[in-house]
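J.: All I have is the shape, not the residue letters:
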């Protein structure tokens, strides 16, 4: 009976952690400074930031996520990117706050973006 109670407690703990993980704001999706930029694609200066579980794309850079970790509210990404300039590693930091996404790309603060609908 003790093993059953322990298993039930672990199951409840796992369910609670899944619920809280889903409640956190996600950085995946399309983000842009202006809603009219959400539909753009390519290397336009106003193109949206596109974040998936395995890649990020913004402006001229198409990147594979080599490593991703989280500190506090900020998601840190080591992105391996390809552009007209060739391949390079770019550090990216994304911090959701108040419905916006603060973006630091290649160690430069790039501003706040809104989620595209």
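T.: Cool, the structure landed. The structure displayed is predicted, hence computed values, not measured ones.
J.: and the closest residue to residue 40 other than its chain neighbours, how many neighbours?
T.: Spatially, and ignoring its direct neighbours in sequence, residue 40 is nearest to residue 47 (4.7 Å; C-beta to C-beta, 6 or more residues apart in numbering). All C-beta spots, glycine's among them, are computed from the backbone N, C-alpha and C. Other residues near residue 47 come to 19 when the count uses other C-beta atoms under 10 Å.
J.: Check the one 4 residues further on too.
T.: Other residues lying near residue 51 total 24 when counted by other C-beta under 10 Å.
J.: For it, give the beta-bridge partners.
T.: Judged by DSSP bridges, the bridge partners of residue 51 are residue 29, residue 56.
J.: Roughly how far does it sit from residue 77?
T.: Per C-beta to C-beta, to the nearest Å, residue 51 is found 8 Å from residue 77.
J.: who are the neighbours in contact with the residue nearest to residue 40?
T.: The contact partners of residue 47, by C-beta atoms under 8 Å, 6 or more residues apart in numbering, come to 32, 37, 40-41, 58-59.
J.: same thing but at 7 Å, please
T.: Shown in contact with residue 47 (C-beta atoms under 7 Å, 6 or more residues apart in numbering): 37, 40-41, 58-59.
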